[in-house]
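In: Predicted coordinates and the sequence they were generated for:
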Amino acid sequence: MKLELLPEPELEFGAGKHVDIRFGIKSYGPVTFEVDTSPKEIQVGFVGTSKTIQGVKDWMKDTALGVPAKASKKPNFFPAFPGFGKASCFQCGWLTAERLERAIPTRDINRVITNTSKADGVRQAVELFVTECRYLTEIATVDVIICAPPVELLNHLDPTLITEAEGETREEQPKEDDDTQEEPIQLDMHDMLKARCLSLRKPIQFIRPATYDDALKEVSGTGRRRHLQDPATRAWNFYTALYYKAGGTPWRLRRHVSDFETCFVGVSFYRSLDQQIVSTSVAQVFNERGEGMILRGGDAEVSKEDRQAHLSEPDMKALLLRSLTEFDREHRHPPARVVVHKSSGFNTAELTGCNAAIDELRIKGRDLLVIRESSLRLFRTGQYPPLRGTFLELDSRRSLLYTRGSTPFYQMYPGMYVPRALEIEAVDTETPARTLAQEILALTKMNWNNTQFDSALPITLRAARQVGGILKYASKEAEITASYSYYM
């Protein structure tokens, strides 16, 4: 066994590099390219009630001027938000107009609250918002649509069943790929709304009431209030996501000139809404502009041997060929190396299918990995968890990596729960285990919804799971968009 601490990966910004997202953007600005397509002014549409639309607009106008840092002895974890405008570090502002605002009558919201069950309420509420979003895309030019449901509606629908919104990032706990287990049907307004709006070809930003008004408290099904981040952090997360959804690239991974150009593919599984079908979701190629390509794979079968979902050899081959074809279309050449992150084990058919696709395209480098939560834990002397980046090579096939933990840059452990390490299983690899772990650590920093850089999962698997949660609300025949910005 070999234990070491991996260095915190640096990210690239407009004019420099930094380990932290917020300090990087503030100091160097977002990434720019030779052909600069960064947004300079974002046309924002709004859908909600008259009250929620006004509340979000007032909050955006105030926070665009900047938000002071939370009083704390940990200034690196609670930096001030510098503002959002053409003179800010983002070099981008936002605007709206009356024709870009679609107010849902309060009586329609009240009808959902008083006359429906939670499941029917989700369906009816989504229909109200989709109707107005569609109208905006048909009659106006809009870059991003902000959906602002009122607190009364969310409390009726039970916020414990609604996916976390931008600006309110919950604790991310890695887990084994149990998304294929049968569960009671629970409808999620956030995910259903995203699925229904995919055909509109405009990104949706779902904002919770407490994000823009501390007086509006959401309660969970257990009666406990939802935990909120400090005001500056909420502004950082909201505006960074808005900038990305409008076509900007806030940051990107650093790549040494000697590194092989790599295609990263994340494969996960999800059950259909009726629980009858297990399907595949894939997040592929977070390229130099930070753009993730989303693919929908074939149906999977749950094995009686390991009780995990698996694809047939032809389906796995077809899935990887599609991923690599998308890479080729984007970069105009195939990658030199392919890395597959899978959330459940590879069986013989899947392994054969992956290698067949890679061989067919004559790609030399390949690394096929399984990434899941480990049952093993490490302990430090004292009260604090292991450091983020702690890497333990158990044997030639298995290693542990702490992607969450005590973080030197923050001078604290920024989590609420005891962190658990990721177990990395090298199924078919050519790259040293340490290098593979360093890549995974860097990919945890590519979550555009969260400017706190210590996410638990690499974006390959995080996005694949997130996409699966949304695609289960889309029919098999429905056309889906490939851009990750529509799912986050």
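Out: Received, thanks.

In: quick one, what contacts G16?
Out: G16 sits next to 24, 27-28 when contact means Cβ atoms under 8 Å, 6 or more residues apart in numbering. Where you see a C-beta, it was placed from the backbone N, CA and C, and this is true even at glycine.

In: For W251, state which of these is nearest.
Out: Nearest to W251 among the contacts of G16, counting by Cβ to Cβ, is G24 at 6.0 Å.

In: Now name the helix or strand holding that closest one.
Out: Following DSSP states H and E, one finds G24 within helix 21-28.

In: which other residues reach that helix?
Out: Contact with helix 21-28 is made by 11, 13-18, 76, 79, 82, 89-90, 236, 240, 250-251, 445, 451-453, as judged by Cβ under 8 Å, 6+ apart.

In: out of the residues you listed, which are buried?
Out: If you count burial by 16 or more other Cβ atoms under 10 Å, the buried members of the contacts of helix 21-28 come out as 11, 13-14, 18, 79, 82, 89-90, 236, 240, 250-251, 445, 451-453.

In: Spatially nearest residue to Y402, not counting backbone neighbours?
Out: Leaving aside its sequence neighbours, Y402 sits nearest to T390 (Cβ to Cβ, 6 or more residues apart in numbering; 4.2 Å).

In: burial of that neighbour, as a residue count?
Out: 22 (other Cβ atoms under 10 Å).

In: bridging residues for it?
Out: L5 (DSSP bridges).

In: do you know how far it is from I371?
Out: Counting by Cβ to Cβ, to the nearest Å, the separation of T390 from I371 is 16 Å.

In: doesn't C263 fall inside a strand?
Out: Yes: assessed by DSSP: H, G, I helix; E, B strand; the rest coil, C263 belongs to a strand.

In: Quick one: low-confidence residue ranges for the stretch 51-200 of the chain.
Out: Scanning the stretch 51-200 of the chain for pLDDT under 70 picks out 158-185.

In: doesn't G45 fall inside a strand?
Out: Yes: the assignment for G45 (three-state DSSP) places it in a strand.

In: And it, how far from R465?
Out: Applying Cβ to Cβ to G45 and R465 gives a distance of 28 Å.

In: Looking at the two, which has the bigger crowd around it?
Out: Higher neighbour count among G45 and R465: G45, with 26 against 19, using other Cβ under 10 Å.

In: who does the more buried one bridge with?
Out: With DSSP bridges as the rule, G45 is bridged to I145.

In: Just confirm it contacts A140, I think it does.
Out: Yes: applying Cβ atoms under 8 Å, one finds G45 in contact with A140, separated by 6.9 Å.

In: Name the residues contacting each of these two.
Out: Residues within reach of G45 and of A140 at once, by Cβ under 8 Å, 6+ apart, are L100.

In: quick one on the thing from earlier: the contacts of helix 21-28 in helices, which ones?
Out: When DSSP state H defines the helices, the subset of the contacts of helix 21-28 inside them is 236, 240.

In: where exactly do the helices run in the chain?
Out: Ranges of helices within the chain are 21-28, 50-63, 106-115, 118-139, 151-157, 189-196, 209-212, 231-245, 313-331, 348-360, 433-443, 459-471, based on DSSP H.

In: For P68, which non-adjacent residue is closest in space?
Out: Per Cβ to Cβ, 6+ apart, closest to P68 is A80, 5.3 Å.
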